[in-house]
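Q: give me a model of this one.
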Amino acid sequence: MMQEIFRVISLSHRKAPVAVRERMYLNQEGCVRLSNSIREVLEVEEVLVLSTCNRTEIYYSSPRDRFTEILRLICLEKGLRDPFQFERHFEVINDEGEAVRHLFSVSMGLQSQVIGDLQISNQVKRAYATAVEMKLAGPFMHRLLHTIFHANKRVQQETAYRDGAASVSYAACELARELLQMHHTPRVLVVGLGEMGRDVARGLADSFPELTISNRTLAKAQALATETGAQVLPFEDIHDALPNYHLIVSAVSVDQPIFLKSHLDDLAKFQQKFFIDLCVPRTVEPSMEEIPGVIVYDIDDIRSRTDATVAKRVAAIPEVEAIIEGEMAGFIGWRKELTISPVIQRFKEALEDIRKEELARYLKNADAEESALVDKVTRSMVNKIIKLPVLQLKAACQRGEEEALAEVLRDLFNLEAKNTSEISH
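A: Alright, predicted model coming up:
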């Protein structure tokens with residue numbers, strides 16, 4: 001039987017433009033359907049599908065490369081007719097060690113557009129949870145993902161790699177939480193649901209139950225509201241509704257300000273209100289801050305919060321890589337032991353067969369007490385005989401010599417024989 005090898009098919013921002021990535025993007029239902037298709041059509045038993053705005057990746061275990069078949073299944077799921085036009089945008093990794101390293105690297109945010117992306121580790125956890133729920137995660141995947149989660153925890157505890165916000169959207173969310181931490185039920189409005197606006201809305205949804213979103217295309221706002229639980233405000237009503245919100249995040253793409261001082265001229269004196277303007281050109285009129293209690297943060301204010309964080313994260317990369325190497329070494333050692341465990345099991349079974357055969361031959365006339373004693377003594381002897389070769393095999397795994405030693409064991413005890421009884425002759 002050919003060995004199952006862990007592999008990855010990756011489409012990401014490194015090789016694919018956004019126009020291709022969005023055509024390959026899979027929502028949660030799409031990930032589930034694709035996973036089912038891979039299992040049923042290709043008879044693959046371990047599958048993890050990860051799909052975000054920056055990457056769509058399929059991790060799977062198979063004796064051979066299934067890239068062509070899986071690409072066809074992705075295109076069937078997405079209603080795309082010509083799979084071959086997308087081939088060049090994919091990275092295919094069929095070396096198990098490199099595939100494992102790739103998932104470590106992705107999960108740590110080392111391959112993200114924003115270094116150290118916090119969101120990707122949660123997305124990997126959700127993908128793994130889906131695989132577990134679908135019974136598509138076997139011993140290999142369970143061990144690998146839990147090793148990655150442990151590495152992630154160490155990175156968080158032992159390095160500065162996860163400190164602070166390193167993207168505009170994350171920094172905006174972090175600033176919003178700081179500004180509104182003293183409010184019991186703060187009301188937040190996010191206007192404009194392009195990529196950055198969507199990221200901000202998703203990032204704020206868990207922190208602010210009173211979140212409202214607005215977009216010129218109402219259907220787009222309604223779709224995101226279904227995902228996040230936010231309320232929807234019609235775009236034409238945003239100006240009249242401004243007094244109702246403690247914080248307004250603007251991510252609208254326009255050529256001139258749409259939030260003017262005149263919209264808040266009748267604001268109650270010293271009523272505190274914050275604007276976070278993520279746009280260039282600016283969408284919040286600079287004179288807005290002339291109103292007592294109104295504070296405006298523009299894109300430069302947000303980016304200044306990210307620059308120091310990015311520098312700190314880049315400086316911490318060698319520490320992160322050292323943690324990955326250490327955790328990978330332990331995992332690869334376990335993987336090698338998993339590979340030789342069938343040999344160890346056959347070795348134990350072969351010796352047990354010999355033991356039982358000899359007991360049956362020599363204890364025909366023994367009484368129950370004698371039989372029990374001999375059984376106990378011979379069982380102890382076999383366990384002691386087995387112990388040293390097993391320890392030697394495990395030590396050989398650490399040196400990368402396990403296959404040579406396993407082959408010696410197979411030859412010495414004829415472990416490949418269909419009938420182990422011939423070992424005793």
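
Q: tell me the contacts of residue 86?
A: 11, 20, 24, 71, 75, 80 (C-beta atoms under 8 Å, 6 or more residues apart in numbering). Just so you know, the C-beta spots here come from the backbone N, C-alpha and C atoms, and that holds for glycine as well.

Q: what about residue 22, neighbour count?
A: The local packing of residue 22 (other C-beta atoms under 10 Å) involves 12 other residues.

Q: sorry, back to before: need the buried ones from the contacts of residue 86 selected in PyMOL.
A: Only the buried entries of the contacts of residue 86 go into this PyMOL selection, using 16 or more other C-beta atoms under 10 Å:
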select buried, resi 11+20+24+71+75
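
Q: next up, phi/psi of residue 5, please.
A: Main-chain torsions, residue 5, degrees, to the nearest 10: phi -120, psi 130.

Q: for it, give its distance to residue 78.
A: Relative to residue 78, residue 5 is positioned 27 Å away (criterion: C-beta to C-beta, to the nearest Å).

Q: repeat that for residue 215.
A: Distance of residue 215 to residue 78, computed by C-beta to C-beta: 24 Å.

Q: same check on residue 385?
A: Going from residue 385 to residue 78 by C-beta to C-beta gives 58 Å.

Q: so what's residue 59 up against?
A: Applying C-beta under 8 Å, 6+ apart, we find residue 59 in contact with 6, 7, 8, 47, 48, 49, 50, 99, 103, 141.

Q: one more: residue 254?
A: Residue 254 makes contacts with 279, 281, 283, as judged by C-beta under 8 Å, 6+ apart.

Q: for those, which one is nearest residue 163?
A: Among the contacts of residue 254, residue 279 lies closest to residue 163 (C-beta to C-beta), at 27.1 Å.

Q: quickly find the element holding that closest one.
A: Assigned by DSSP states H and E, residue 279 belongs to neither a helix nor a strand.

Q: and for it, the neighbour number?
A: Other residues near residue 279 come to 20 when the count uses other C-beta under 10 Å.

Q: doesn't residue 251 make contact with it?
A: Yes - Residue 279 is within contact range of residue 251, at 6.5 Å (criterion: C-beta atoms under 8 Å).

Q: on that earlier part again, residue 385 and residue 78: which is more packed in?
A: Higher neighbour count among residue 385 and residue 78: residue 78, with 16 against 13, using other C-beta under 10 Å.

Q: hmm, back to that, distance to residue 220 and pLDDT added to the contacts of residue 254, as TSV?
A: Below are the contacts of residue 254 laid out as TSV (distance: C-beta to C-beta, whole Å; pLDDT from 0 to 100):
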residue	distance to residue 220	pLDDT
279	17	87
281	22	83
283	18	92
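
Q: identify each buried residue in stretch 234-241, please.
A: Buried positions in stretch 234-241, judged by neighbour count with 16+ other C-beta under 10 Å: 235, 238.

Q: straight-line length of it, end to end?
A: Taking C-alpha to C-alpha, to the nearest Å, stretch 234-241 runs 10 Å from one end to the other.

Q: hang on, isn't residue 242 packed against residue 263?
A: Yes - contact criterion C-beta under 8 Å: residue 242 and residue 263 qualify, at 5.6 Å.

Q: which parts of the protein are helices?
A: 18-24, 28-42, 67-78, 96-107, 118-133, 139-158, 168-179, 195-205, 218-228, 238-241, 299-362, 368-399, 402-413 (DSSP state H).

Q: just the pLDDT at residue 272, thanks.
A: Looking at residue 272, its pLDDT stands at 85.

Q: quick check, it in contact with residue 293.
A: Yes - Residue 272 is within contact range of residue 293, at 4.8 Å (criterion: C-beta under 8 Å).
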